[in-house]
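Asks: just coords:
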C-alpha cells in the first residue's frame, strides 16, 4: 500500500514537472521578481533605489532623471514610462505625511512595465502598444524634505535648523503630523490659481497650510510648474491621501464639463470614491487647480485612503488602496490617448521608413486588439499619418497602421563599389551592383510586438514589403520623420 502511494506521488510530481512550465508560459509567467515592497516605511532613499532598479529591469520602457533639487538639496526625481508623444503626468507626496501616495505611483509604475513586458491585456488593449503612443511622466515624491522629516525627525536635518523646525511644528519634537516642505511651506498652496484668496492659511511657516509669501516661492513648486509647462500633459493626477474622495473641478469651463465629468465618473466607478461637487467660490492654490486653469485639460486629486487624522496612512490600508487602483493607470492612459486623438486628422504623407523588429499593426489608428496583427522587420512606404500613427503599405495585408515611435527613417544604402582585377592585362570593369537592402537586426531596446490576434490576416511572409526595385528608386529625402518628445486643493 505504501509502495502504491509512493508511486502515485512520484507520478503526480512528474506530471506537474511536465505540465506546470507550459501553464506558466501560457499565463505570461516567468516575470521578474517584484521590486517594489509596498508594506514598509517608504523613504526617499528606498524610492530612489527602487526607481533605479526599475529602470535597469525595463530599460526599453523606463528612464529617470532629476528635475532639480529641493530646499535641502534632495533630488526631485522624474520617472518616464513609455515612448509615445502624448504625456500623462502623475505626481505624489506634495504633502509630507501622505507618502502612501508615493508607494501607490511606484507600484503603478512597476505594474505597467511588467504588463508591457508580458504582452498583457486590459479590455481590448494590448498594454505594450499603449506605450508606443503615450508616456507616463511620474514625479513620485514632490516633497522629499517634508517626507524625510515626517518619517525620520530632526536627525535627518542640520543641527542648526532644529530650533526653527521645532518652532514651525508648534514646539513639538514629534513630526508625524508634518505636512509642509522643509521650510514650512505647504506645496499644494503654492500654485498661481487664485493664490491671493486662499482660505484657512497660516500666517507664517508652519507644519501645515502656510501658503508662502508668494506663488511658486518654494523650489519644489517651481520645478513642478516649469516641468508641467514644458511637457503640456493631456491629463494630470495629483495624489493625496485623506477621505476617499476626488477633487476634479476648479472653475472648469462649461465647454469642458461633459468631458471632465465623464472622466471623473469613470474613475469614481473604478475606485468607489466620491467625486466632490463643484463649489461656487473654491479655495485655490493647489496643483490641480492651477493645471485646470492653465491647460483646460482634465485633472484629478484623488484622496486615496479613509481619513486618518494628522498623520500618515497606516500600512495596513495598503491592500485596500491597491485593490482600488490596480487598473486606474489603464483608464488614465487610454483616456489621455483618446483625448489627444480627437483633434487629429488623417493626412497624406510620403515617406519610407524601416522597422528593425516585428511590430504590431492595426487596421485603423485605434488601439483595439481585435484588429491587431504583426509585420516583420523591413522597409515600408508611408501613405498617411494621423497623430502618433503612420499608415503603411504591406504586400499581404494591404494598408495597416503602426505607431510612429517604432519606425525609423530609411536611408538609401550606398552602392557596392566597383572592383577591377589587377592581374589581367586588359581589365574588364565589373558593373556596379544595385543597392540591396538588408533589414537591420532587431534593436535591443525596440518595443516588443504583440502576437497576431486569432482570425487576423497572416503576417507578411517577406522581411521587406516594398520590392527592391521600388526601394532603390524611392527618394526618402521628403520623408515625414516623427518628432521626438524633447482642484479645489487637497485637504
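Replies: The structure has been received and is ready for your questions. These numbers were taken from a predicted model, which means no experiment stands behind them.
Asks: Would you agree residue 259 is in contact with residue 339?
Replies: Yes - using C-beta atoms under 8 Å, residue 259 is in contact with residue 339, at 7.5 Å. C-beta: built from backbone N, CA, C; applies to glycine.
Asks: Tell me the residues that contact both of these two, please.
Replies: Common neighbours of residue 259 and residue 339, counting by C-beta atoms under 8 Å, 6 or more residues apart in numbering, are residue 298.
Asks: got a pLDDT number for the nearest residue to residue 148 once chain neighbours are set aside?
Replies: Distance criterion C-beta to C-beta, 6 or more residues apart in numbering; nearest residue to residue 148, sequence neighbours excluded, is residue 156 at 4.9 Å. Note on residue 156: pLDDT of 97.
Asks: Number of residues surrounding residue 156?
Replies: A total of 15 residues lie near residue 156 under the criterion other C-beta atoms under 10 Å.
Asks: The one 5 residues further on too?
Replies: When neighbours are counted by other C-beta under 10 Å, residue 161 registers 13.
Asks: how about the helices in the stretch 301-450 of the chain?
Replies: Using DSSP state H, counting those that start in this stretch, the helices found in the stretch 301-450 of the chain span residues 318-325, 328-341.
Asks: Against residue 380, how distant is the closest residue to residue 408 other than its chain neighbours?
Replies: The shortest distance from residue 408 to any non-neighbouring residue, by C-beta to C-beta, 6+ apart, is to residue 354 (4.8 Å). Using C-beta to C-beta, to the nearest Å, residue 354 is found at 8 Å from residue 380.
Asks: who's more crowded, those two?
Replies: Each of residue 354 and residue 380 has its neighbours counted (other C-beta under 10 Å); residue 380 has more, 28 against 18.
Asks: I'd guessed that one sits against residue 397; true?
Replies: No - assessed by C-beta under 8 Å, residue 380 is found out of contact with residue 397, at 11.2 Å.
Asks: So, low pLDDT: which residues of the protein?
Replies: 1-31, 414, 416-491 (pLDDT under 70).
Asks: According to the record, where do the domains of it fall?
Replies: 34-339, 347-411+448-478 (automatic domain parsing).
Asks: so of those domains, which one's packed in deepest?
Replies: Across those, averaging neighbours per residue (mean count of other C-beta atoms under 10 Å) puts domain 34-339 on top, at a mean of 20.
Asks: Span of that domain from start to end?
Replies: One end of domain 34-339 to the other measures 32 Å (C-alpha to C-alpha, to the nearest Å).
Asks: So what's the gap between it and the chain middle?
Replies: Averaging C-alpha positions (C-alpha atoms, centre = their mean, to the nearest Å) puts domain 34-339 14 Å from its chain's average.
Asks: List the residues that contact residue 272.
Replies: So residue 272 contacts 244, 324 (C-beta under 8 Å, 6+ apart).
Asks: so the residue nearest to residue 154 when sequence neighbours are not counted is in which element?
Replies: With C-beta to C-beta, 6+ apart as the criterion, residue 154 has its nearest non-adjacent residue at 5.0 Å, and that residue is residue 162. Assessed by DSSP states H and E, residue 162 sits inside helix 162-168.
Asks: ditto for residue 80
Replies: Assigned by DSSP H and E, residue 80 falls in strand 75-82.
Asks: what does the helix or strand just after that strand rub up against?
Replies: Where DSSP H and E defines the elements, the next helix or strand beyond strand 75-82 is strand 86-92. Contact partners of strand 86-92, identified using C-beta under 8 Å, 6+ apart, comprise 98-99, 101-102, 104-105, 108, 133-142, 224, 228, 231-239, 287, 332-333, 336-337, 340, 388, 485.
Asks: Give me the subset of the residues you listed lying in strands.
Replies: Of the contacts of strand 86-92, the ones assigned to strands by DSSP state E are 134-139, 235-239.
Asks: what's the closest of the residues you listed to residue 295?
Replies: residue 236 (8.0 Å; C-beta to C-beta).
Asks: So that closest one sits against residue 228, correct?
Replies: Yes - Residue 236 is within contact range of residue 228, at 7.1 Å (criterion: C-beta under 8 Å).
Asks: Determine the residues that are contacts of both of these two.
Replies: 89, 291.
Asks: how about the strands in the stretch 201-350 of the chain?
Replies: 235-239, 245-247, 274-275, 299-302, 347-355 (DSSP state E, counting those that start in this stretch).
Asks: Include distance to residue 406 when you put these into TSV, please.
Replies: Listed next are these as TSV, based on distance: least, C-beta to C-beta, whole Å:
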stretch	distance to residue 406
strand 235-239	23
strand 245-247	35
strand 274-275	37
strand 299-302	30
strand 347-355	7
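Asks: so which of those strands gets nearest residue 112?
Replies: Residue 112 sits nearest to strand 235-239 of all those, at 13.7 Å, using C-beta to C-beta.
Asks: if I look at residue 161, how far off is residue 363?
Replies: The gap separating residue 161 from residue 363 is 62 Å, by C-beta to C-beta.
Asks: Residue 343 too?
Replies: Residue 343 is 22 Å from residue 363, by C-beta to C-beta.
Asks: ditto for residue 87
Replies: For residue 87 relative to residue 363 (C-beta to C-beta), the value is 27 Å.
Asks: got it, and residue 389?
Replies: 12 Å.
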